[in-house]
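Quick check, what structure comes out for this input:
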Amino acid sequence: MVAQFFAETGGFLMKKILFVYVTLAACFLLYFFQYHFRDHSDDAWSQQGLRGEIEEKYVMVTFQSGIDYWKSCLKGFEDAAQALNVSIEYRGATQYDVHEQITVLEQIIAKKPAGIAISAINPGALTDTIDKAVEAGIPVVLFDSGAPESNAYSFLATDNYNAGVKAAHEMASLLGGSGKTAVLTLPNQQNHQERTRGYLDTVRKHYPELKVVAVKDGKGDSLQSKLTAIEIASEHPDVDGIFATEANGGVGVGEAVQLLPADERYKIISFDTDKGTLDLVKNGVISATLAQGTWNMGYWSLQFLFHLHHGISQSGGGGFSGDTPLPRYVDTGITVVTRANVEHYYAK
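Modelled structure (predicted):
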């Protein structure tokens, strides 16, 4: 009887132990297969978080590549690269030349980088080349200046229409809600088109006593902008203010206004925070400038490209059609800089 009890009990314990061993073996095999056969996106993860390979190269592409404006964008790109353990390259058209930027982009596509972040010099002219990169399996995101008809995955930039709205309100405040103003812009570039439209719409809607007497092309060049500002003052000697939608334009207008007698100088609202612009704000020549979140543009452009390259949170496909959960548009922010806060915007 006792022997039978121990035999039955022993058999039960053996079955239980066998069940535990089988369960542990199954768990181990499940872990083994998950570890060795996980999808590509897991390769980017380590104990330190998202990490890539130093051989991965991501490229930032701009135009007028030597101007100060891009430095903060590139710094954000570099900081993201350091955090992700990947490599970057900076390329761009040296001049304000759409054909040169297309050539540069074609050269980059041929090298098949891990991803491309590009600021498009023209909203339509870059579309085919951007699409060529996407079709070749190279992730592309746009920053600062877009190409909305392209198949780029995302666009990270200032809400440029809202920036124009802010500029109009600031100009109205400076002029007491009435007077004559002009806009100096780049009419073929989408971000400047939107800034101009935001300014014009706001003046028409909210300030009936504030007139826009001219909208002219500064060509993204300080000397040309200076000459154009002189031309505006000649055609409209009673002009009270000029809104320049980009930094070189603001500097050029600032140089032009300094040629006038002090009592004839008009108000200037500019864009961006290069040293030349900040110095003119500090000296009171430029009344205000609009600071963009340029570091954010560079940093998050690379983060987006990294996620796309590694297939993280991506369902496949390209373009602005909702094929990827990454945001199609990211507003990187803007603030108004005046003499009261200009010191905070100098590079430290």
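
only C-alpha atoms for contact and neighbour calcs from this point on.
Fine.

I'd say residue 238 and residue 180 touch.
Yes - Residue 238 lies in contact with residue 180 (CA atoms under 8 Å); the separation is 7.2 Å.

And the two? Which one has more around it.
Neighbour comparison, residue 238 and residue 180: the larger count goes to residue 180, with 19 against 15 (by other CA atoms under 10 Å).

partners of the helix or strand containing the more buried one, with directions?
In this structure, residue 180 sits in strand 179-185 according to DSSP states H and E. Taking DSSP bridges as the criterion, strand 179-185 pairs within the sheet with strand 210-217 (parallel), strand 241-244 (parallel).

Please work out which of the ones you listed is packed deepest.
strand 241-244 (a mean of 28; mean count of other CA atoms under 10 Å).

Just the residues contacting it, thanks.
167, 171, 180-185, 250, 253, 266-271 (CA atoms under 8 Å, 6 or more residues apart in numbering).

just checking, what packs against the helix or strand that contains residue 203?
According to DSSP H and E, residue 203 maps onto helix 190-206. Contact analysis of helix 190-206 by 3 or more CA pairs under 8 Å, 6 or more residues apart in numbering; DSSP states H and E lists helix 160-175, strand 179-185, strand 210-217 as its packing neighbours.

looking at the ones you listed, which is closest to residue 77?
helix 160-175 (21.3 Å; CA to CA).

got the angle between that closest one and strand 179-185?
150 degrees (axes from the mean of the first three to the mean of the last three CA atoms, to 10 degrees).

What are the buried residues along helix 160-175?
Across helix 160-175, burial judged by 16 or more other CA atoms under 10 Å covers 160-172, 174-175.

which other helices and strands contact it?
On a contact count with 3+ CA pairs under 8 Å, 6+ apart, helix 160-175 meets helix 190-206, strand 267-271.

mean confidence score for the helix holding residue 203?
In this model, helix 190-206 has a mean pLDDT of 96.

what's it in contact with?
So helix 190-206 is contacted by 122-123, 144-147, 160-169, 183, 185-187, 210-212, 245-246 (CA under 8 Å, 6+ apart).

Looks like residue 178 contacts residue 239 (just checking).
No - applying CA under 8 Å, one finds residue 178 not in contact with residue 239, separated by 11.1 Å.

So which of those two has more stuff around it?
A direct count of neighbours by other CA under 10 Å for residue 178 and residue 239 places residue 239 higher, at 22 against 17.

Leaving aside the residues adjacent along the chain, what's closest to the more buried one?
residue 180 (5.0 Å; CA to CA, 6 or more residues apart in numbering).

Who does that neighbour form a beta bridge with?
What pairs with residue 180, by the bridge criterion (DSSP bridges), is residue 211.

That one against residue 215, yeah?
No - Residue 180 is beyond contact range of residue 215, at 12.0 Å (criterion: CA under 8 Å).

Near residue 342, how many other residues are there?
Neighbours of residue 342 (other CA under 10 Å): 17.

ok, residue 250 touching residue 269?
Yes - shown here, residue 250 and residue 269 form a contact pair, counting by CA under 8 Å, at 7.2 Å.

Residues in contact with both of these two, list them for me.
243, 244, 286.

Can I get the helices and strands packed on helix 160-175 in JSON lines including distance to residue 327 and mean neighbour count?
Below are those laid out as JSON lines (distance: least, CA to CA, whole Å; neighbours: other CA atoms under 10 Å):
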{"stretch": "helix 190-206", "distance to residue 327": "19", "mean neighbour count": "20"}
{"stretch": "strand 267-271", "distance to residue 327": "26", "mean neighbour count": "27"}
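
quick one, which of those is nearest to residue 75?
Of all those, strand 267-271 comes closest under CA to CA, at 19.2 Å.

That closest one packs against which elements?
helix 160-175, strand 241-244, helix 247-257, strand 288-292.

which residues are in contact with it?
167, 171, 174, 240-247, 249-250, 253-254, 277, 285-291.

one step back: the strand holding residue 180 versus strand 267-271: what angle between them?
Using the same axes, to 10 degrees: strand 179-185 against strand 267-271 is 30 degrees.

Could you list the residues in contact with strand 179-185?
Taking CA under 8 Å, 6+ apart as the rule, strand 179-185 contacts 192-193, 196, 209-220, 225, 229, 232, 238-246, 249.

Please repeat the previous calculation with a cut-off of 6 Å.
Here strand 179-185 makes contact (CA atoms under 6 Å, 6 or more residues apart in numbering) with 210-218, 239-245.

any chance you could map the strands in this protein?
45-46, 49-50, 57-63, 87-93, 115-118, 140-143, 155-157, 179-185, 210-217, 241-244, 267-271, 288-292, 329-331, 334-337 (DSSP state E).
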